[in-house]
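**Student:** Could you look at this predicted model? Sequence included:
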Amino acid sequence: MYPGRKMANPLSIFCILVLLLGQQTTRIFTQTVLDGTGEGLNENRKQLPATSTKNNNGKDGLANNEEYHEELVVQPLANGFVNTYFQFTTRWRYGSKENLHNTRLIPRPIAEILLYSDVKEFHITLTQGLWRYESWGYPVQDAAPGAEAWSWFAGENLTESDVDEQWKRVTSTFSGIICASLNFMDKTNTITPQYGFKPQFVSSSTKNLTKHVRYSSLPREIVCTENLTPWKKLLPCNSRHGFASLLNSGHVHNTNYHSLGIKFRTLCNNQDECILEFTESANMVYDPKLVGATNNLDFSLRRMFGQGLNGHCPLADSSKVYVNLELPLPYEMTPLPQYNITSTRGGQTSHYGVYDIQKLKDQKLFNIAWVLRKPQHQVLSPTPPPLLAHRNIVGYGQEKGKIITQITNNYYNELPIVLQENIPWYMPVYIHTLQIKNHKTGELIQPNSLQYRPGVQRTRPYYLELAFKIPSKSSVEISLDFDYIFLKWLEYPPDANHGHYVGSSVITTQLTMARNYTAIPLSGYRFSDSFNATRNSYILTIRTESLILSLPTPDFSMPYNVICLACTVVALAFGPIHSVATKKIVVEQQDSDEPRSFVGKIMRKLKKKNKNSPTIDGEAENTLTSSSSIGSEKVK
Amino acid sequence: MDKHIIKWLILGAAIRLYLCTSEWVHILGNRVEIATPLNSFKRVNEGVYLLKQGVNPYDGDMVHEIPVVLWFLTFAAEYLKHWLPFLYVLIDICTACVLYKASKVFVRRKLTVQCAELVHYAKDTEELQYHQSDESTIPFLVLMAYLFNPLSIFNSAGLTSTVFSNLLLSLALYGLIDHHLLMFLFAAVIESHRNLYPVILLAPAVLVFNKNGKLKTILHVIVPFIVLSFALFRLNYSLMGDESWNFIDGTLGFIFFYRDLQPNIGLFWYFFTEMFEHFRTMFLITFQMNATVLYLVPLSLKLRKEPILLATILIGLMSIFRAYPCVGDVAFYLALLPLWKRSWKFMVHNFIVFCFFVVSLCMLPALWHLWIYSGSANANFYFGATLAFSTGQIFLVTDLLFAYVKREFCLFNGQKIIVQGKEAKIVLG
């Protein structure tokens, strides 16, 4: 059905086979794999055309066109948690479009997507858990719980329906690539935001291109090993070498929060010479108390990931570990970083220690440990970041509800906010009840811009985008009434009373100061590009919690009974009206000896039956039919 | 207008105004028995808001009022602002007045007809005949039944759009009784566009306005109806302004295809919640036919002499079997019952119907609370109560039908029929 998917599947099956073999090798013959830089890789590269493997480090004639970086950032957080962020960046100066047929480090399915569609930029995140902004600050890359994807399309004469179709194809392709239910991203949960997502791609300015964006999220999607394994297989060195070897599913899924991301974008000049940037990221937050063994706040790479760092990927141009030196507790690091970097960005100075893994003499299962010399149980209370958001449903019962988004600005300046809501069709909202209220003063804030497209049951979500300014040091509440909807009995999920998920809203703002801000600037592509990247403003995107909406349920065992009972009531009307319309009035003589009492009547009926001869004497000798109408009731 | 009814009108208006300016308006306006997706005030507000924002209200799924009415309400909301509830009360009081007027004309015409037929009537049938005094008592009863029926008060205090429906239906009825073709057409066309079902009122109209029984005169009713319908479609279309016909799907389509499964007092909601997907279309057509054309031909043939009764019965049946019924619809046809005061003698299910009404109307809110708020009951309980309420209404309507045919029979044959010296009874044959 979808060519991209067809092409992707044989490849990924092949990859799985190769890597299954490879992983066994890794476990049993660790030494061999570490020394023999890439026999398995050579095997894997046989399918990649025009690639010479003469050099041990995997660099060849194409190296000028293609670079690969692996990075790991470890950042102890204020409340004792540890944030680890992996980023694997491949950057390919592929030139013209025909070259996309010959991939080397970039996975083939990604290049194929560029070949068959007008996708210029694509983001997917698969996340389990909730990022706690209050205590953890801002992540390098923000992600909503569950699966989330958005994409930019650009092409000449590209219509909205073309884009819808391509969006469906691309999400289906990725559904196959990373084994997630992204194929459920269709018109029932996709919106076209106006302000929330700015394009990060660059296209030729000489052509008259129209740009389109699509955004969708699946908050119910559960992220599991089946997503991690294919995600790792998209990396040039797979999971056997380099930083990806730390991502063992058993340990990844032990975290309080983990998020896998895939992102690619194209950067083209006016001569249509393009760069493809393909970034895979993994963000995990560990609780040292859960992974630690002795002192409950000590941690190390080995404890968090189950093993030390297994060297670097031979294909990588750089393999660096950055550790944040602003420690909330007096940790001592062993070994010490090779060198330190001081980054000043937007008035915020931060210090990082760097371990260049490629320059390490002994690369075998390299470990970094953070050790507290004196046991410390008190953790620092974190400084809250400038902007926070929460969302919840208020009201009781399952009839009328209200969805409240609370955004807090701890900044000394007012902030421009874009709030983007993708409300599913089973949560019909009343836009006229929209209120933006300053929590402290109670005054209403008028939005500067309001984009709204009402949803349609079973067809289209409610899309709302609000732009307004939030005053300094205050919090606003955005409230919206909604109804609890009644679904058809087959539309409820198997566990009907679990509830339906409502995706996060996306809040975008522009900060003038980079406090707690670690995102990579648009012009850069590595984490190290965020060092000293002072700009006029910093675009910050945060997400609220996703919600569970408990819709009222029918009784699922009732269909036959309901059909019978409702039809019976309809028949109650049909019967009498039918007889009035068809039957005639007949005069029937009453028996004068008819007993008055109830028992007497019954006795008489019984006697009649026994005799088996009805009393003919008084029966309908005289039939009168009125000119107009007839009745069926007895008249006395 | 008679002076003595003015005090009743003021009292009725005062009760409504009190309720719709207090917090009751939210309680009543949110009850599923009173406000359906079709008529709720909140959805009208949504439509008005969207219209002001320049968003096509029928693009979404929340607004099902026709553009003309929405447009009118936008104006009303702009000029009246917080006084908008007064408009609803005023319209409801107007409905009561129109019903009063209509019933006055009805009794007067009945008396004239009766004068001509009097020689054919049987001897002991005075109590079945309309009396001179009925000219004041029947309109008064109609007025009371509309003004002080709790269902009608709740409907008006909940600010539902059914008050517009009731006004239009009463105007259509007045047009039928007083033989104003234009008034009938005007009201019936708008109401058919809003609620689909009143289109069947064409049948009594054809009987009323077609005296000589020729096909040509039937067209005199049907053709203007169609022309006016198209004119209204065109007007709605031009009001929407964005070259879109999707308001038809948002109003009539929404009713016919029954898209919103929110519970109401009718039979549709649970039936189509629990429906097997491959039978849905069939039962949808069956149920919509049941509410419209199924009884149309047999009843029109049977009641060709009495088109007003046909209209009453049809309004009753469509209130019971429509997709989104509410208590306001029930209140309207209950107010028409006093017109048939002289048939009441033969209505034998009064007590049963009364019990059905009282018990089910009390049970509905209680069971709703148990299901939706405390979670200790489930949908079946509420469904049971709505079934009982529908059954009660069906008994009432069929009973009225039987009572009428019996009265007609007895009027010409006498109340006591003696066969072979013994008193006989009338049965179906």
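**Tutor:** That came through fine. Residues are numbered from 1 along each chain as shown, chains lettered A, B, ... in the order given.
**Student:** And the residue of the stretch 451-600 of chain A that's closest to chain B?
**Tutor:** In the stretch 451-600 of chain A, the residue found nearest to chain B is A:P454; the distance is 2.2 Å by Cβ to the nearest Cβ. Just so you know, the C-beta spots here come from the backbone N, C-alpha and C atoms, and that holds for glycine as well.
**Student:** Am I right that that residue is in contact with B:G60?
**Tutor:** Yes. Applying Cβ atoms under 8 Å as the test, A:P454 and B:G60 come out as touching, 2.2 Å apart.
**Student:** Return every residue with contacts to both of these two.
**Tutor:** Taking Cβ atoms under 8 Å, 6 or more residues apart in numbering or on different chains as the criterion, A:P454 and B:G60 both touch A:462, B:50.
**Student:** Pairing partners for the lowest-mean-pLDDT helix or strand in chain B, with directions?
**Tutor:** Sorting the helices and strands of chain B by mean pLDDT, DSSP states H and E puts strand B:422-428 at the bottom, at a mean of 74. Each strand paired with strand B:422-428, and its direction, by DSSP bridges: strand A:585-589 (antiparallel), strand B:417-419 (antiparallel).
**Student:** okay if I get these as CSV plus mean neighbour count?
**Tutor:** Below are these laid out as CSV (neighbours: other Cβ atoms under 10 Å in any protein chain shown):
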stretch, mean neighbour count
strand A:585-589, 22
strand B:417-419, 17
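**Student:** I'd like those laid out as a markdown table, including mean pLDDT and distance to A:T383.
**Tutor:** As requested, those are arranged in a markdown table below (pLDDT from 0 to 100; distance: least, Cβ to Cβ, whole Å):
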| stretch | mean pLDDT | distance to A:T383 |
| --- | --- | --- |
| strand A:585-589 | 78 | 91 |
| strand B:417-419 | 77 | 98 |
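**Student:** between these, which gets nearest to A:N270?
**Tutor:** Nearest to A:N270 among these is strand A:585-589 (93.8 Å), distances taken as Cβ to Cβ.
**Student:** The strands paired with strand B:422-428: which one's closest to B:W344?
**Tutor:** Closest among these, using Cβ to Cβ: strand A:585-589, at 19.2 Å.
**Student:** which element follows that closest one toward the C-terminus?
**Tutor:** helix A:598-611 (DSSP states H and E).
**Student:** so how far is that following helix from its chain's centroid?
**Tutor:** Centroid displacement of helix A:598-611 relative to its chain, using Cα atoms, centre = their mean, to the nearest Å, is 76 Å.
**Student:** Using CSV, write down the CA coordinates of it.
**Tutor:** Once non-C-alpha atoms are left out, helix A:598-611 reads as follows in CSV (Å, rounded to 0.1, in the frame of the first residue of the first chain):
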residue,chain,number,x,y,z
PHE,A,598,-64.0,-10.8,39.7
VAL,A,599,-64.0,-14.4,41.0
GLY,A,600,-67.4,-15.0,39.4
LYS,A,601,-66.1,-13.8,36.1
ILE,A,602,-63.2,-16.2,36.2
MET,A,603,-65.5,-19.0,37.2
ARG,A,604,-67.8,-18.2,34.3
LYS,A,605,-64.9,-18.2,31.8
LEU,A,606,-63.7,-21.6,33.1
LYS,A,607,-67.2,-23.0,32.7
LYS,A,608,-67.5,-21.6,29.2
LYS,A,609,-64.3,-23.4,28.3
ASN,A,610,-65.3,-26.7,29.8
LYS,A,611,-68.6,-26.6,27.9
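**Student:** what mean pLDDT does that helix have?
**Tutor:** Summarised as a single mean, pLDDT over helix A:598-611 is 73.
**Student:** How about it and chain B, any contact?
**Tutor:** No. If you take Cβ under 8 Å from any Cβ of the partner chain as the test, helix A:598-611 misses chain B, and the best it gets is 14.5 Å.
**Student:** Please give me every residue in contact with residue 397.
**Tutor:** I went with chain A, as the question did not name one. By Cβ under 8 Å, 6+ apart, the residues touching A:G397 are B:372-373.
**Student:** ah, no, chain B please
**Tutor:** B:V397 sits next to A:573, B:313, B:316-317, B:320, B:333 when contact means Cβ under 8 Å, 6+ apart.
**Student:** Need the per-residue pLDDT for it.
**Tutor:** Confidence at B:V397, expressed as pLDDT, is 95.
**Student:** distance between the helix or strand containing it and the chain's centre?
**Tutor:** Secondary structure from DSSP H and E places B:V397 in helix B:379-413. Taking the mean of its C-alpha atoms, helix B:379-413 sits 15 Å from the chain's own mean (Cα atoms, centre = their mean).
**Student:** so where's chain A uncertain?
**Tutor:** Low-confidence regions of chain A, defined by pLDDT under 70, span residues A:1-64, A:292-295, A:363, A:375-380, A:590-596, A:608-636.
**Student:** What strands line up against the helix or strand that A:N283 is a member of, and which way round?
**Tutor:** Assigned by DSSP H and E, A:N283 belongs to strand A:274-286. Here strand A:274-286 has these sheet partners by DSSP bridges: strand A:82-95 (antiparallel), strand A:257-268 (antiparallel).
**Student:** Would you mind listing the buried residues in the last one?
**Tutor:** In this case it means strand A:257-268. Along strand A:257-268, these residues count as buried under the neighbour rule (16 or more other Cβ atoms under 10 Å in any protein chain shown): A:257-268.
**Student:** For the residues you listed, work out which two are farthest apart.
**Tutor:** Using Cβ to Cβ, the two most remote members of the buried residues of strand A:257-268 are A:Y257 and A:C268, lying 35.4 Å apart.
**Student:** tally of neighbours for the residue of chain B found nearest chain A?
**Tutor:** For chain B, the residue positioned closest to chain A under Cβ to the nearest Cβ is B:G60, at a distance of 2.2 Å. B:G60 has 24 neighbouring residues, counting by other Cβ atoms under 10 Å in any protein chain shown.
**Student:** For the stretch 101-250 of chain A, what lies in contact range of chain B?
**Tutor:** Close to chain B, as judged by Cβ under 8 Å from any Cβ, the stretch 101-250 of chain A has no residues.
**Student:** just the strands in the stretch 101-250 of chain A please.
**Tutor:** For the stretch 101-250 of chain A, applying DSSP state E, counting those that start in this stretch gives strands covering A:119-128, A:146-155, A:190-191, A:210-218.
**Student:** Can I get these in a markdown table including mean neighbour count?
**Tutor:** As requested, the strands of the stretch 101-250 of chain A are arranged in a markdown table below (neighbours: other Cβ under 10 Å):
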| stretch | mean neighbour count |
| --- | --- |
| strand A:119-128 | 24 |
| strand A:146-155 | 24 |
| strand A:190-191 | 24 |
| strand A:210-218 | 22 |
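**Student:** what does the stretch 151-300 of chain B put close to chain A?
**Tutor:** Counting by Cβ under 8 Å from any Cβ, the stretch 151-300 of chain B sits next to chain A at B:259-263, B:267, B:269-277, B:287, B:290, B:294-295, B:298-299.
**Student:** And A:D483, how far from A:Q457?
**Tutor:** Here A:D483 is placed at a distance of 11 Å from A:Q457 (Cβ to Cβ, to the nearest Å).
**Student:** list residues touching both of these two?
**Tutor:** By Cβ under 8 Å, 6+ apart, A:D483 and A:Q457 have these common neighbours: A:P428.
**Student:** Neighbour count: those two, which is higher?
**Tutor:** Regarding A:D483 and A:Q457, a neighbour count based on other Cβ under 10 Å identifies A:D483 as having more, with 22 against 16.
**Student:** which ones are touching that one?
**Tutor:** Counting by Cβ under 8 Å, 6+ apart, A:D483 makes contact with A:399-401, A:428, A:430, B:262.
**Student:** please redo it, this time with the cut-off set to 6 Å
**Tutor:** Residues in contact with A:D483 (Cβ atoms under 6 Å, 6 or more residues apart in numbering or on different chains) are A:P428.
**Student:** Could you count how many residues lie near whichever residue of the stretch 101-250 of chain A sits closest to chain B?
**Tutor:** Nearest to chain B in the stretch 101-250 of chain A, going by Cβ to the nearest Cβ, is A:T188, at a distance of 12.5 Å. A:T188 has 17 neighbours, counted by other Cβ under 10 Å.
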